[in-house]
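Enquirer: Sequence and predicted structure below; questions after.
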Amino acid sequence: MKEKIITGIFNTIARIPLAFLYLLSDMITFTLYHIICYRKKVVRGNLVSSFPHKSLKEIKKIEKEFYRHLGDQMVESIKTLHISDTELIKRVTVQDYDKVNSTLQEGRNAVLLMGHYCNWEWVQEITRYFIPEAYMASIYHPLKDKTFDNLFIKLRSRWNAHIVPMNKAPRILLNKTNMPWVCGFIADAWTWKQTDNNFTDFLHHKTWFITGPEEIGDKVNADYFYLEMNRVKRGYYKIRFKKIEPEKTELTYPILRKFWLELENTIIKAPPYWLWSHKRWK
């Protein structure tokens, strides 16, 4: 009963045109920022420590823009349930996908690395641009609430990607030897596995990172790409792929270190569109 009610509510909202959903987003933003102050201390603390040279006025401006984008992210994600191909193609421009296709056409696998930046739910638009012979996978962390877990699986599997739980990713990808695959990882997730080998300096913080994407990719000699998503204007985004080719170094996980550097540069250029509401650092 719970799942039917929640799914029904989300499906109803998803059928509303985006122009009206952005009015809902404005109300969500006002509520989150001014009324319930959703994780406001966390957001402010993250921004202040990440941009120590910015004034409080500048920090507050980024903070307000972040909450506006968070409201948009919420309604856009729900809209994914019923957005048409035509509208999504219009709203998400994909560039440089030929670089990934070149890898796949040569029979090699491709690992895509991205962050919680802009609208990661609309990233699945990229699947229509890859060669149909490739196996396409998106790695996700299952939610404890089965109702919302099923809802997000439905939301993320509207197109061609196979939704693969994180704990099953190595077995599925490493056994997929009959065809090239392209797999997307949101690689800026926090990890509690803190060792001397998996940390980097990121936005003035010592940051530990997950290592699975590079460990899996290295086992199959995959090519790595940074999936950079930028906001053009409200409801419109641009995606491009940058091949990750780090300089030679004695440090471990050079691919992931280069990814974190690329992500840092993206965030510095437009800070409001990263997910600042999580406790990422102690």
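Expert: Yep, it's here.
Enquirer: only C-alpha atoms for contact and neighbour calcs from this point on.
Expert: OK.
Enquirer: Which secondary structure element is home to L113?
Expert: strand 110-114 (DSSP states H and E).
Enquirer: Residue ranges in the stretch 101-250 of the chain under the pLDDT threshold?
Expert: Within the stretch 101-250 of the chain, no stretch has pLDDT under 70.
Enquirer: and the spatially closest residue to K279 that is not a sequence neighbour, what does it touch?
Expert: Of all residues not flanking K279 in the chain, V42 sits nearest, at 6.5 Å (Cα to Cα, 6 or more residues apart in numbering). Counting by Cα atoms under 8 Å, 6 or more residues apart in numbering, V42 makes contact with 276-279.
Enquirer: And V42, how close does it get to H205?
Expert: 15 Å (Cα to Cα, to the nearest Å).
Enquirer: Equivalent analysis for N167, please.
Expert: N167 is 28 Å from H205, by Cα to Cα.
Enquirer: quick one, which of those two is more surrounded?
Expert: Neighbour totals were compared for N167 and H205, and H205 leads with 15 against 12 (other Cα atoms under 10 Å).
Enquirer: And the strand holding L113, what's buried?
Expert: 110-114 (16 or more other Cα atoms under 10 Å).
Enquirer: repeat for stretch 141-151
Expert: Buried, per 16+ other Cα under 10 Å, within stretch 141-151: 142, 151.
Enquirer: List of residues touching that stretch?
Expert: So stretch 141-151 is contacted by 2-3, 6-7, 165-166 (Cα under 8 Å, 6+ apart).
Enquirer: need the longest helix for the protein.
Expert: Counting residues, the longest helix found in the chain (DSSP state H) is helix 56-79.
Enquirer: Same question for that helix: list its buried residues.
Expert: For helix 56-79, by 16+ other Cα under 10 Å, it's 59, 62-63, 66-79.
Enquirer: And the pLDDT for K282?
Expert: pLDDT, K282: 72.
Enquirer: any idea how far L275 is from it?
Expert: Counting by Cα to Cα, the gap from K282 to L275 is 16 Å.
Enquirer: Then F20?
Expert: If you go by Cα to Cα, the gap between F20 and L275 works out to 24 Å.
Enquirer: Have a look at these two and say which one is more surrounded.
Expert: L275 (17 against 9).
Enquirer: give the contact list for that one.
Expert: 116-117.
Enquirer: Please renumber the chain so that the first residue is 358 from this point on.
Expert: Got it, the first residue is 358 from now on, which makes the last one we talked about L632.
Enquirer: Can you list phi and psi of it for me?
Expert: phi -80, psi 90 (degrees, to the nearest 10).
Enquirer: Does the residue nearest to K411 when sequence neighbours are not counted lie in a helix or a strand, and which?
Expert: Spatial nearest neighbour of K411, excluding adjacent residues (Cα to Cα, 6+ apart): V405 at 7.7 Å. In this assignment (DSSP H and E), V405 forms part of helix 397-407.
Enquirer: quick one on the thing from earlier: would you write out the ChimeraX command that picks the buried residues out of the contacts of V399?
Expert: Per 16+ other Cα under 10 Å, the buried members of these correspond to this ChimeraX selection:
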select :633,634
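Enquirer: ok, so of the contacts of V399, who is nearest F487?
Expert: Nearest to F487 among these is W633, at 31.3 Å by Cα to Cα.
Enquirer: Check for me that that closest one belongs to a helix.
Expert: No - assigned with DSSP: H, G, I helix; E, B strand; the rest coil, W633 falls outside any helix and is coil.
Enquirer: And the pLDDT at it?
Expert: Value for W633, per-residue pLDDT: 97.
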